[in-house]
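Visitor: just coords:
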C-alpha cells in the first residue's frame, strides 16, 4: 500500500485510533507492542540522547522551553508533543519547526510494512499513538538530532514513549496532580508512581518541587533504580541567573516554574555533555517565546481573546490565578467545553467567581490518540444552576458558539480543553 498524499496519511492513521477505553490505554501490552515496533525499526530510540518529560501539568510548556533553550545554544533538537493542536506534524518538530507534509508522508510509507507486520503477531494492531511515537524516534534518529525532547502521552510507566533504556536519558517531572484517575489511580501517590517510572536505572532525573506525598514516591523510585534526583526549589530555580531575573514572555506564574525546571535540565546537560550556556541567548528565548494554546492572548475581531488548554482543577486554578492577576477586578466572558470524564465541577468552581457570562459548547475530534468527545453541555448547565450561576448559554455548534462569543465584551476566555482550543484554532485558520 502506497500513501501518496498527506490527506491519505491522515486517513491511514485514523484507522488506528482506538475505539474503546481499554484499547486507548493498553498498559503493559501496549508498551511491549511499541518496543517490538521500534525493534523492527532498528531501535532508533537507543541511538539518540533523550529528554523524557512526564507530569500532570506543564509538560507541553516545559518540553517547548527545553527545546527552545537547547536550540538557542546551537544544538539540533527534535520535539515530540502530544496531543497536537491542529496538525499531527506538531509531533515532529526539528528546531521547533514542523516537518513538511511530503516528508511526513515519506516517513510513514517507510514504516507501513512494519506496522502491518506487527499487526500479524500476537502483539496485535498498533494504536495511533504507538505509531506516532515510533515515527518520532525514527525521524529524530534519521535527522541526527543532538537531543530528542519527548513528551509522554498518558502517565509514564506504560506510556508508548517509555521505551528508552539508555543510562543517559534525562527524566524530567513536572507538577503532579489528580488527572486521568480512572487509569492512573485515584491518589497522588499512585499517579506519582506512574509518572516516576519513566526514570531509568542509574540515570539522572529532575523534578519540580512536588506535593510531599508525590515527592516521597519519586524519591523511592529513584532510590530503587539507583538514579540521582534533583528537586527544583520553588524559591530559587538556580543559584544565579534564575528565570525570575529574566523577563518571561509566556504569561502565568506557573510558566516561571516550568522555565526554572527547563533551565535546570539544560544546565545539567551542559555540565554533563560539555557545552557552556550562553545566558544572553537564554534571556532572549525567555523574552520572545510563544507557546500556542497556553495563556495565548490574541486580538480577534478587535477583541482580546485568551486561549488556554487547562483541563483539570490544578491547571485551572493556576490559569485563573494568573488571569486575575493580569486583569485585576475584571469579569470575563468564557467559552467552555470539557472532555468527557474530566472533573468539570471543580474547574467551574474556580471559574464562576470571575465570569460575566459562560457559553457552553461541544467538540468531537477524530484526529488524535483517541476519539475525544466533550461532556454534555446540559449536564454542565445543570451543575452551573446548582452552584447558583445562571448567566450561561448553550450553543452546541462550535462554529456558532465561536461567532457568538465574539459578540461579547472583551476579555473573552476560551478554556477547558486543548481539544477545544485546537478546534477553534482550525476555525480561525479556515477564515
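Guide: Arrived safely. On a predicted model such as this, the values are computed, not experimentally measured, just so you know.
Visitor: Distance of residue 221 relative to residue 74?
Guide: 34 Å (Cβ to Cβ, to the nearest Å). Glycine gets a C-beta too; all of them are placed from N, C-alpha and C.
Visitor: Could you check which of those two is surrounded by more residues?
Guide: Neighbour totals were compared for residue 221 and residue 74, and residue 221 leads with 21 against 10 (other Cβ atoms under 10 Å).
Visitor: Following the chain onward from the host helix or strand of that one, which element is next?
Guide: Per DSSP states H and E, residue 221 falls inside helix 212-224. Using DSSP H and E, the helix or strand that directly follows helix 212-224 along the chain is strand 228-232.
Visitor: Report the buried residues of the helix or strand that that following strand is followed by.
Guide: Downstream of strand 228-232, the next assigned helix or strand under DSSP H and E is helix 253-273. Using 16 or more other Cβ atoms under 10 Å as the test for burial, helix 253-273 gives 254-270.
Visitor: Same check on stretch 73-84?
Guide: For stretch 73-84, a neighbour-count test (16+ other Cβ under 10 Å) marks 73, 75, 77, 78, 79, 80, 81, 82, 83, 84 as buried.
Visitor: Can you flag which of those residues belong to strands?
Guide: When DSSP state E is applied, those are split such that 77, 78, 79, 80 fall in strands.
Visitor: In this protein, what helix or strand scores lowest on average pLDDT?
Guide: In the chain, no helix or strand scores lower on mean pLDDT, DSSP states H and E than helix 21-24, which sits at a mean of 50.
Visitor: Under the pLDDT cut-off, which ranges of the stretch 301-431 of the chain? List them.
Guide: Within the stretch 301-431 of the chain, the stretches with pLDDT under 70 are 431.
Visitor: Which residue ranges of it form helices?
Guide: If DSSP state H, counting those that start in this stretch is used as the criterion, the helices of the stretch 301-431 of the chain fall at 313-326, 344-351, 377-386, 398-405, 418-430.
Visitor: Now do the third one and helix 398-405, the angle between them.
Guide: Relative orientation of helix 377-386 versus helix 398-405 (axes from the mean of the first three to the mean of the last three Cα atoms, to 10 degrees): 40 degrees.
Visitor: same for helix 377-386, what does it pack against?
Guide: Identification of packing neighbours for helix 377-386 by 3 or more Cβ pairs under 8 Å, 6 or more residues apart in numbering; DSSP states H and E yields helix 344-351, strand 355-360, strand 392-394.
Visitor: what's it in contact with?
Guide: 336-338, 344-345, 348, 352, 358, 360-362, 390, 392, 394, 396 (Cβ atoms under 8 Å, 6 or more residues apart in numbering).
Visitor: before we move on, what about the second one?
Guide: Helix 344-351 is touched from outside by 310-313, 316-317, 320, 334, 336, 338, 358, 375, 380, 383-384, 387, 389, 415-416, with contacts defined as Cβ under 8 Å, 6+ apart.
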